[in-house]
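Chemist: Let's see this in three dimensions:
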Amino acid sequence: MDFLTSNSMLLMEKSMGFLWTKQAAILDNIANAETPEYKAKVVTFEDSIRTQLEQAASRPEGAGKAVREVLDGSELTVFEAQEQTRMDDNGVNVTDQMVEMIRNAYQQQYVYSAVNKHFSILRMAIKGQ
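Modeler: Here you go, the predicted model:
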């Protein structure tokens, strides 16, 4: 199977986009931690893609084609959290955001490492080593 056009590569590409957007939202949240009435941004991807994959698995057509359609059509969602943590209606808990930022950084490192590993194998195959 061609890795560059595989479902695995597409999922890693979507994951990188999600993690990048999540990092930006976390940084926005931390920067606005003292802004009255600011609601924390939350980025989701896993729940929507899980639901779509479960629906695709129940289709009678081939699973590979259905998975590819789900991955191509999946989009991440950015919304405002409705919880408030302070009396000025600010919804940012800086401690939680810092923990999420570190978790997100580890996830990014893992995904980038996985992509790099696959491209290293591809480079070796091209060089004939």
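
Chemist: Return the distance of stretch 76-84 from the chain's centre.
Modeler: 15 Å (CA atoms, centre = their mean, to the nearest Å).

Chemist: any idea how far Val99 is from Gly91?
Modeler: With distances taken as CB to CB, to the nearest Å, Val99 is found 16 Å from Gly91. From N, CA and C alone the C-beta is placed, and that goes for glycine too.

Chemist: So for these two, which sits in the more crowded spot?
Modeler: Gly91 (20 against 12; other CB atoms under 10 Å).

Chemist: I'd assumed that one was in a strand, is it?
Modeler: No. Membership of Gly91 in a strand is not supported by DSSP: H, G, I helix; E, B strand; the rest coil, which gives coil.

Chemist: Which residue lies nearest the spatial centre of this structure?
Modeler: Ranked by distance to the mean C-alpha position of the chain (CA atoms, centre = their mean), the top residue is Phe18 at 2.8 Å.

Chemist: check which helix or strand covers that one.
Modeler: Assigned by DSSP states H and E, Phe18 falls within helix 7-31.

Chemist: packing partners for that helix?
Modeler: strand 41-44, helix 63-73, helix 94-127 (3 or more CB pairs under 8 Å, 6 or more residues apart in numbering; DSSP states H and E).

Chemist: Where does pLDDT dip in the chain?
Modeler: Low-confidence segments of the chain, defined by pLDDT under 70: 1-4, 60-67, 84-85, 129.

Chemist: The same query, at a cut-off of 80, please.
Modeler: Within the chain, the segments meeting pLDDT under 80 span 1-8, 46-76, 82-87, 89, 128-129.

Chemist: Any idea how many residues pack against Val94?
Modeler: 12.

Chemist: Tell me how far the nearest residue to Ala105 once chain neighbours are set aside lies from Val70.
Modeler: Ranked by CB to CB, 6 or more residues apart in numbering and with sequence neighbours excluded, the top spatial neighbour of Ala105 is Gln23, at 7.6 Å. Going from Gln23 to Val70 by CB to CB gives 24 Å.
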